[in-house]
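[1] Sequence plus predicted model, see below.
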Amino acid sequence: MPDLLWDDVKVLFDPEFNGALPDVVVEGTTVEDWQVLLDLVRAQGWQYAYSVGGEPMEFSSAADMAAAAYGAGAPELRVTPELRVWPIPEVLMIFRMYQTESIDFDVDLRELQGQERLDVLVDVLCVIGRRLGKSVLMSAEGSPGRPDLGFDVEADRVVKMVDPGV
């Protein structure tokens, strides 16, 4: 049985209600956690594209991503490394290294309609959360700190964190 049933959470996936691009975050991370994520993308066989400051580049190490994100000590040289990941061809997740202390990514709710697509999201959140040993939380667009759902480390599954009927 799935962790979440579509009928129980579909209001959270309504772009009109939640914004089209909810915020997904893993907090309390390090460069090493970012490297675990990069290795995980490769190990899962997910399709990906990597860019720095909008320029396509070869897939890099987390240390190289951090150097770009932090501008090698010069703020004017800062750019945002971006890793576009497709766990399936119809679902895109965009990971951006704004800082090493959190792994931030977006998903497009318009691509996550129905039980099958919800299951894809749940699987990705579980794989990331289990590999990192950290919670992976999804909040409505622009509402960080108020997660709607996420991978709960202690429960070892994705759970609702709000009452979708509210």
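    All right, it came through fine.
[2] neighbouring contacts of the worst-scoring helix or strand of the chain on mean pLDDT?
    Ranking every helix and strand in the chain by mean pLDDT, DSSP states H and E puts helix 15-18 at the bottom, with a mean of 80. For helix 15-18, the surrounding residues in contact (C-beta atoms under 8 Å, 6 or more residues apart in numbering) are Val11, Leu12, Leu109, Arg110, Ala140, Glu141, Asp148. C-beta coordinates here come from the backbone N, C-alpha and C atoms, glycine included.
[3] Packing partners of the strand or helix carrying Val158?
    Using DSSP states H and E, Val158 maps to strand 157-160. Strand 157-160 is packed against helix 115-132, strand 147-152, with contacts defined by 3 or more C-beta pairs under 8 Å, 6 or more residues apart in numbering; DSSP states H and E.
[4] Which residue is the nearest non-sequential neighbour of the most centrally placed residue in the chain?
    Closest to where the C-alpha atoms of the chain average out (C-alpha atoms, centre = their mean) is Phe105, at 3.7 Å. Spatially, and ignoring its direct neighbours in sequence, Phe105 is nearest to Phe95 (4.3 Å; C-beta to C-beta, 6 or more residues apart in numbering).
[5] did I read that right, that neighbour in a strand?
    Yes. Residue state for Phe95 (DSSP: H, G, I helix; E, B strand; the rest coil) corresponds to a strand.
[6] Around it, count how many other residues there are.
    23 (other C-beta atoms under 10 Å).
[7] What residues sit buried inside the biggest strand by length in the chain?
    Longest strand in the chain by number of residues (criterion: DSSP state E): strand 81-88. For strand 81-88, a neighbour-count test (16 or more other C-beta atoms under 10 Å) marks Pro81, Glu82, Leu83, Val85, Pro87 as buried.
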